[in-house]
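>>> need a structure here:
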Amino acid sequence: MITVLVAARDPAARARLEGVLAGDRGRLRLVAGPSGAPLARQVAATQPDVVLLDLADARIAPIVAALRDGARAALVVLADAPARALREAAASRDLIRAVLPRDATAAEIRAAIEAVVAGLVALHPDALDAATATRLPAAVRVAPDQPLTDREMEVLGMMADGLGNKIIAARLGISTHTAKFHVASIMAKLGAGSRTEAVAIGMRRGLVAI
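You can find the predicted model right below:
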């Protein structure tokens, strides 16, 4: 069960996000900190896995500064300007693990939460497209030659068997979005330009049984 704390100044935005979490009670559980308390105190009190932060017009830096000395929870940020938020997130990548537009769908938000808990970085195309115009900051890219996680090893083995994302997702009990994130992370870590190349590299390195 993934525990999530919702942080939003706008009551309507908070209600919408709480509704998103309520739609997946099998995997997500909403936690609430002391009423009216600063975010850092709420995080310290509830120890969530993820903080779902509706950024509105606020800047990321002061929020991260307030949280840095407290409990360590991954931040999924919803922003009006995802590209700007992404640039700010590069300096705080240890906390901020996902950047989405504020109008992201419920499926996108839930997929991002699952991804960050799995140790991945989740970027919405609205943020990614703007960032890649000047190259995505190295701080938020997956560096090549990082070791694969246990889950990524499982996914790589299924890729070697020729399974698509939907079947991988079904076998692992995760969403298709999360399966895509795993595949993208594997390809980035192996320096592969395609799924086939990722499998070939995995075989050469002994990561996949021949």
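>>> Name the next helix or strand following the lengthiest helix in the chain along the chain.
As assigned by DSSP state H, the longest helix anywhere in the chain is helix 176-190. Once helix 176-190 ends, the next helix or strand along the chain (criterion: DSSP states H and E) is helix 195-204.
>>> Who are the packing partners of that next one?
helix 150-160, helix 176-190 (3 or more CB pairs under 8 Å, 6 or more residues apart in numbering; DSSP states H and E). C-beta coordinates here come from the backbone N, C-alpha and C atoms, glycine included.
>>> Make CSV out of these and add distance to residue 95 and mean neighbour count.
Formatted as CSV, the helices and strands packed on helix 195-204 follow (distance: least, CB to CB, whole Å; neighbours: other CB atoms under 10 Å):
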stretch, distance to residue 95, mean neighbour count
helix 150-160, 22, 19
helix 176-190, 18, 21
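>>> Compare the mean pLDDT across the ones you listed and name the weakest.
Lowest mean pLDDT of the helices and strands packed on helix 195-204: helix 176-190, a mean of 86.
>>> What does residue 49 show for phi and psi?
Main-chain torsions, residue 49, degrees, to the nearest 10: phi -70, psi -40.
>>> so after the helix or strand where residue 87 lies, what's the next helix or strand?
Assigned by DSSP H and E, residue 87 belongs to helix 82-89. Note on helix 82-89: by DSSP H and E, the next helix or strand toward the C-terminus is strand 96-101.
>>> what about dumping the CA coordinates of the following helix or strand past that next one to CSV?
Next along the chain after strand 96-101, taking DSSP H and E as the criterion, comes helix 106-117. What follows is helix 106-117, C-alpha atoms only, in CSV (Å, rounded to 0.1, in the frame of the first residue of the first chain):
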residue,chain,number,x,y,z
ALA,A,106,-6.3,10.7,-12.7
ALA,A,107,-4.6,7.9,-14.6
GLU,A,108,-1.5,10.0,-15.2
ILE,A,109,-1.3,11.1,-11.5
ARG,A,110,-1.7,7.5,-10.2
ALA,A,111,0.9,6.2,-12.7
ALA,A,112,3.4,8.9,-11.6
ILE,A,113,2.9,7.9,-7.9
GLU,A,114,3.5,4.3,-8.7
ALA,A,115,6.6,5.2,-10.8
VAL,A,116,8.3,7.3,-8.1
VAL,A,117,7.7,4.7,-5.5
